[in-house]
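Asks: Quick one: sequence plus predicted model below, questions after.
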Amino acid sequence: MKKVVATDKAPGAIGPYSQGVIAGNLIFTSGQLPMDAETGEMLENDITLQTRKSLENVRAILEEAGSGMEKIVKTTVYLSDMANFAKMNEVYKEFFSGDFPARSAFQVARLPKDALVEIEAVAIL
């Protein structure tokens, strides 16, 4: 059984997908862009600000589902440029304490809305 998760504290989907889906005792978030939930606007072209906003959006979806950042088991980070990896990493570690989740990070040719970063997560409930 699956259940869709939706919150107005993270940007709405810009396509035919859900912000998050619960399956069993796991929640899967869709990739979160650095968009403001209230305005729908992309944050300025700064990897630090964009990483923080993407992770805040992930957190909002997880909290709506009854989970949290401490329950993430795996993240995937998509970067428009690996030159931004170190700065992304500095912000990323602010969101976790104790044991870090598993993670993959890739440079991709282009992200929606020309974002610098997009982050998705899998967490337990």
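Replies: Now that the structure is in, tell me what you want to look at.

Asks: Let me see the ranges of the helices in the chain.
Replies: Ranges of helices in the chain, per DSSP state H, are 47-65, 85-92.

Asks: Just name the most buried of those.
Replies: helix 47-65 (a mean of 22; mean count of other C-beta atoms under 10 Å). All C-beta spots, glycine's among them, are computed from the backbone N, C-alpha and C.

Asks: what helices or strands is it leaning on?
Replies: Contact here means 3 or more C-beta pairs under 8 Å, 6 or more residues apart in numbering; DSSP states H and E; on that basis helix 47-65 packs against strand 2-5, strand 20-23, strand 26-29, strand 72-79, helix 85-92, strand 117-124.

Asks: Adding distance to Thr39 and mean pLDDT, write the ones you listed out as CSV.
Replies: Below are these laid out as CSV (distance: least, C-beta to C-beta, whole Å; pLDDT from 0 to 100):
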stretch, distance to Thr39, mean pLDDT
strand 2-5, 22, 97
strand 20-23, 21, 98
strand 26-29, 21, 98
strand 72-79, 23, 98
helix 85-92, 21, 98
strand 117-124, 18, 98
